[in-house]
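Peer 1: sequence unknown, structure follows:
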């Protein structure tokens, strides 16, 4: 077996998380584990009408091969949609992808040789770590602070990595309502990150799945919109703002990089479905994104409120317990006293019909054992409340048991 | 620029063919260049009804994330469809992909390290060469004979490559109505190829986009169906049997390879759209493939007949000119006298409002300069006839001009 596999695939471990997630799929379990968008936000009836019209009337186009770069109709619709958000883009700066996961695959393919360094937030998006691992990147974790990546730590780690003779390529960040932490990077840090990247000649991979899902506080400009050097590659998935099942996103980059990324995408899948692209494009053109986003934001706002108020009500009063209170997105992050190991506690949570993702999964260096990610995207506020009540009970009991052990040992 | 790009992407050349193809897109040009399936074969009204029903009634499912392996509904439908074709598959042996191009990407990711050898037919599918190149494979060309790959040459090249200390990984073949040549590998050669692969411990990447599109002669079993060693990975795209725009295909493999391929796919795009998967699955279940395939085969049969009879009628009578007469698929291959360079002749073809793909593009070693691929998939038989009339005129004139040059020099 080993003799057939590539080195990159030999290192690809079976995802422990995937196995855990399977356990959470029973209907009586209230799962805060998956990062699934709320299905009530999918504009499905509008999609149904558009799909039927495209397939009846424009099938010669939508059922045929398309441009590798993506449908012009969709790229034009995106340009119009993103313009008020500080991104004045031409269609040549956009490449349509199979959501942000493919965008990550393409940037890794285009830029990462084995051993090349990517600096990542700690914790960070699990599936980005998988992609970077597959391309044998050296992922150097930089701690997250309440206002984003610790940039002093970043500068230190850059110096260390340079001193060690490594090839430094990129910094991967999720600046808005980060997955998994819910943390947003401050404007000051966005600007300083750009300065550091410029000085150190590094690319920035900016992953922005949730930026449009801000339901509180003031919008911040994307890092890409603050940059004039061309070193920021911005990835926006449609999974949370339209529907995950369309499998669509856009990668925004400038030449000479865009040329290379298009060639890489061509060798990867030739092109993305024009059917799904036209569903998205016509929805944006005919119904408009602003009204739709307003409604989605409200959905998640209510759910976050339900989760945060339930945490306040039910969680044990303990100074070792804290959680983030995100101003947008789908996730919040809970930190527990260090006696608790969220992986060890997981079976007890399942017994009590509630689930989360263990914090450890989002770190590259074994940290996060006393942390967990909670998604507030699914279910009614009542169900979220009930789930948090169950979770708080599990944590209380675990805390009592662990502290008894500590005292007795 | 060079300092940012990965080694694999630095080697990715801008495709000359892509540039040529752009020139063929004018409506007055009769293009035999693209490999596009005939749009009249797309079951678009049925798709429209299924899509509307799925989006109205099952949107919580089809617009959500799905399994990396692919929708169970689709894999079950495929198992039923493929069983009479000598493939008795469980759903665990199938991975749904973004058509065969993604299947190629996944196998390259899973199996190919830089410098690893893949033996390929010469000529072979252009976009497979691009994918293997991106993963820095050493592509060793093996000449095609009228009944498939020259297996004596393969054995020689295997010995040479072993003697040179190379790591040998796989043999890539398109056994039915090969792209670009239209040639089909004989049953005898399929069996001997398996023996060679077994003896030499090589994988076989079997690419079968056209196997179900046989309109003449007798069906041959896929190499995969003749194998019991698990070394054959079979890729079937839906692009030609349902519609290219669905961007769907299936990769068929056994464990332990399938486990690795699923993990690799997860890091590549998480999952494929369930909307397009359910359109395909329900079409197969509710309408059945056999009737549909019968109709498609007839469409291509008529078009091939039109092209071959026009070639017989219009092409200059010259012993240096020959073409294949495929029993299925979308392509045939024309060989011209060596004085002709099809790339040099290309502008003259365009002036005469006809286009083809230059033969050279399908070889890794600069051969094929006097060859060309013609696709008979698009247009009416009348238009195909007219296109061949134009092409034959261009070739006649080129031949006269070139031979005059040869005589005078």
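Peer 2: It's in. This is a predicted model, so every value here is computed, not measured. Residues are numbered from 1 along each chain as shown, chains lettered A, B, ... in the order given.
Peer 1: Can you give me the buried ones in the worst-scoring helix or strand of chain A on mean pLDDT?
Peer 2: Within chain A, no helix or strand scores below helix A:16-23, which has a mean of 72 by mean pLDDT, DSSP states H and E. Neighbour counts over helix A:16-23 (16 or more other CB atoms under 10 Å in any protein chain shown) mark A:17, A:20, A:21 as buried. In this view, the C-beta of every residue, glycine as well, is placed from N, C-alpha and C.
Peer 1: Dead centre of chain A: give me the residue that sits there.
Peer 2: residue A:179 (4.7 Å; CA atoms, centre = their mean).
Peer 1: which SS state does that residue fall under?
Peer 2: coil (DSSP: H, G, I helix; E, B strand; the rest coil).
Peer 1: Pull the contacting residues for the closest residue to it other than its chain neighbours.
Peer 2: Spatially, and ignoring its direct neighbours in sequence, residue A:179 is nearest to residue A:125 (4.8 Å; CB to CB, 6 or more residues apart in numbering or on different chains). By CB atoms under 8 Å, 6 or more residues apart in numbering or on different chains, the contact list for residue A:125 reads A:174, A:178, A:179, A:180, A:207, A:362.
Peer 1: The residues you listed: which two are farthest apart?
Peer 2: A:207 and A:362 (13.7 Å; CB to CB).
Peer 1: circling back: return the member of the contacts of residue A:125 nearest to residue B:6.
Peer 2: Nearest member of the contacts of residue A:125 to residue B:6, counting by CB to CB, is residue A:207, at 19.1 Å.
Peer 1: for the closest one, phi and psi?
Peer 2: Dihedral pair for residue A:207: phi -110, psi 120, per degrees, to the nearest 10.
Peer 1: in the stretch 201-350 of chain A, which spans are strands?
Peer 2: All strands of the stretch 201-350 of chain A, identified by DSSP state E, counting those that start in this stretch, fall at A:203-207, A:232-237, A:249-252, A:322-323, A:331-335.
Peer 1: out of the ones you listed, nearest to chain B?
Peer 2: strand A:203-207 (6.3 Å; CB to the nearest CB).
Peer 1: so what does that closest one touch, helix or strand wise?
Peer 2: If contacts are counted by 3 or more CB pairs under 8 Å, 6 or more residues apart in numbering or on different chains; DSSP states H and E, strand A:203-207 sits against helix A:99-111, strand A:168-173, helix A:187-200, helix A:223-226, strand A:232-237.
Peer 1: Taking strand A:168-173 as reference, get the angle to that strand.
Peer 2: 20 degrees (axes from the mean of the first three to the mean of the last three CA atoms, to 10 degrees).
Peer 1: The nearest residue to residue A:332 once chain neighbours are set aside: neighbour count?
Peer 2: Leaving aside its chain neighbours, residue A:332 sits nearest to residue A:182 (4.5 Å; criterion: CB to CB, 6+ apart). Residues near residue A:182, counting by other CB atoms under 10 Å in any protein chain shown, number 25.
Peer 1: wait, is residue A:182 part of a helix?
Peer 2: No: under three-state DSSP, residue A:182 sits outside any helix and is assigned coil.
Peer 1: near chain B at all, stretch A:251-268?
Peer 2: Yes: Stretch A:251-268 reaches chain B (CB under 8 Å from any CB of the partner chain) through A:256, A:257, A:259, A:260, A:263, A:264, A:266, A:267, A:268.
Peer 1: no no, stretch A:234-244
Peer 2: Yes: Stretch A:234-244 reaches chain B (CB under 8 Å from any CB) through A:239, A:243, A:244.
Peer 1: that older thread, for the strands of the stretch 201-350 of chain A, give me CSV that also has mean neighbour count and mean pLDDT.
Peer 2: As requested, these are exported to CSV (neighbours: other CB atoms under 10 Å in any protein chain shown; pLDDT from 0 to 100):
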stretch, mean neighbour count, mean pLDDT
strand A:203-207, 25, 98
strand A:232-237, 26, 98
strand A:249-252, 25, 98
strand A:322-323, 16, 98
strand A:331-335, 22, 98
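Peer 1: how much space between residue A:337 and residue A:144?
Peer 2: Per CB to CB, to the nearest Å, residue A:337 is found 19 Å from residue A:144.
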